[in-house]
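Q: Have a look at this prediction, sequence included:
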Amino acid sequence: MDITITYSLRDGQKRSDQYYKQISDITDEVLAEAEHCAKTLLNSFQTYLQDTNHEALRIRSEYTFELLTLGVLWRVYAGYSLGFSRTSKRLLEWLVRQRKKIIILKPIIDLLRGVLAELILPSINNQNGRIPAPTIENLDHLLDWLAAAGDFKEEVKRLSAWRDFLTNQDPEEINKNLNTAISYAAWFDKRSMAVLGHYTPRVDQFLKKSLPSYRWREDKVFCGRQRVEYHLNMVGAEILNRTMRDRFLDTERKIVLLPPCMKAKFGGGCEATPTNFGERCAACTPDCRVHQVTQLGKKYGFDVLIMGPELSAFSDNKKAKSTMDSSVGIIGASCPLTNVTGGWETRDLGVPAQGILLDYCGCPWHWDLGRGLSTDINFNQLLRLLDIKD
């Protein structure tokens, strides 16, 4: 049975082992291309961060990924962020904040966000295909649009540093540097499609046939991501894993966080018990993949917990944050569109993390609406991340 809704790391095979070989290879290629086409720009940005004491320098590949993210998001969204008003931005951002603060009102706020986003966000179905001039003004339009959409919080945080860097330059230099990011992204679009496109075979079909029914839904922008955004986040997850690898392996305790869509039972049948961080499997269903990962944890000495549907075990959980430190390492499982965000969030909390992608999507909240398709991960990759030889 073909279970592909938008992407599948299995590509018709029983397991996704081949994907993990290919993602490593193309990540090497992506990083090498940046040194060829954007070395001077990356050097200048790192010098700026040092000179301004903006932050302690991170590993260079993280800045490479940020530059690629800037270029990809510019090519995908900048064309219809033009003309987006600051008033609309503030209203939608306020709703996002209220959604996190007042959990009981989440359904009502989500409804309002869906309605307002449909009315005042330039529609992702009406992209004019035009890439606007590479100026600070248009970068501001893009960042405003991304912030208002509500699904790009971590991206906006990081790209804002690039915006500050660019404002110190004259218009000609700004044009040159933004064009470098855009050209790098154009190369990536073509190359990633050749290497990773067979893992995202149904994205375009989903956008054409299914996304129109998401009108008035607050997750329309999230579910409307383009194929290149899947590929971007696949490479991004690999880059973040590499940058945090040594710190993760040095941690004393390992926790694997699984999404609820990996449960065998989505509704009232699951007997998992709540904790400060998420639910703990109660072993109610032997063939449940959450149960099977939990059994691996008992065998090899790592903990397993189930995140809530928001896939945010720590960012909005003060009690969980207070007990987290660098002695704990996290492995987070999710689809490509959320894995990088989770990696950025945990790193900002000082928690070394590794990401593992779901082999395919299927949750009832976004993809298999109202039903739900139990998802899965590659157990071999999980053990590799944990440095366990089975």
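A: Sure thing, it's come through. Residues are numbered from 1 along each chain as shown.
Q: quick one: residue 195 and residue 19 touch, right?
A: No - under the criterion of Cβ atoms under 8 Å, residue 195 is not in contact with residue 19, lying 10.6 Å apart. In this view, the C-beta of every residue, glycine as well, is placed from N, C-alpha and C.
Q: ok, the two, which is more surrounded?
A: When residue 195 and residue 19 are compared for neighbours, residue 19 comes out ahead with 22 against 17, by other Cβ atoms under 10 Å.
Q: What residue spans form the domains of this structure?
A: For the chain, automatic domain parsing gives the domain ranges 17-233, 250-385.
Q: Out of the ones you listed, which is closest to residue 243?
A: Ranking the domains of the chain by proximity to residue 243 (Cβ to Cβ) places domain 17-233 first, at 4.5 Å.
Q: Now do the strands in the protein.
A: Applying DSSP state E to the chain gives strands spanning 253-258, 273-274, 279-280, 303-306, 328-334, 353-357.
Q: and the last one, what does it pack onto?
A: Contacts defined by 3 or more Cβ pairs under 8 Å, 6 or more residues apart in numbering; DSSP states H and E place strand 353-357 against helix 227-249, strand 328-334, helix 336-348, helix 379-385.
Q: Show the pLDDT at residue 124.
A: Listed pLDDT for residue 124 reads 50.
Q: Identify the residues contacting residue 280.
A: 272-274, 304-306 (Cβ atoms under 8 Å, 6 or more residues apart in numbering).
Q: for residue 51, same thing?
A: Listed by Cβ under 8 Å, 6+ apart, residue 51 has no contact partners.
Q: Look up how far residue 37 lies from it.
A: Distance, residue 51 to residue 37, using Cβ to Cβ, to the nearest Å: 24 Å.
Q: same deal with residue 255?
A: 39 Å.
Q: As JSON lines, the domains of the chain with distance to residue 243 would be great.
A: Listed next are those as JSON lines, based on distance: least, Cβ to Cβ, whole Å:
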{"stretch": "domain 17-233", "distance to residue 243": "5"}
{"stretch": "domain 250-385", "distance to residue 243": "8"}
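Q: more crowded one of residue 255 and residue 37?
A: Comparing residue 255 with residue 37 by other Cβ under 10 Å, the one with more neighbours is residue 255, at 21 against 16.
Q: Report the separation between the more buried one and residue 288.
A: 19 Å.
Q: Next up, the contacts around the closest residue to residue 358 other than its chain neighbours.
A: Among residues not flanking residue 358 along the chain, residue 375 sits closest, at 4.6 Å (Cβ to Cβ, 6 or more residues apart in numbering). Residue 375 makes contacts with 259, 261-262, 289, 358-363, as judged by Cβ under 8 Å, 6+ apart.
Q: Would you mind giving those as JSON lines with pLDDT and neighbour count added?
A: JSON lines is the format used below for the contacts of residue 375 (pLDDT from 0 to 100; neighbours: other Cβ atoms under 10 Å):
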{"residue": "259", "pLDDT": "93", "neighbour count": "23"}
{"residue": "261", "pLDDT": "91", "neighbour count": "29"}
{"residue": "262", "pLDDT": "93", "neighbour count": "22"}
{"residue": "289", "pLDDT": "94", "neighbour count": "19"}
{"residue": "358", "pLDDT": "97", "neighbour count": "25"}
{"residue": "359", "pLDDT": "97", "neighbour count": "23"}
{"residue": "360", "pLDDT": "94", "neighbour count": "22"}
{"residue": "361", "pLDDT": "91", "neighbour count": "26"}
{"residue": "362", "pLDDT": "86", "neighbour count": "23"}
{"residue": "363", "pLDDT": "82", "neighbour count": "24"}
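Q: Cool, thanks, talk later.
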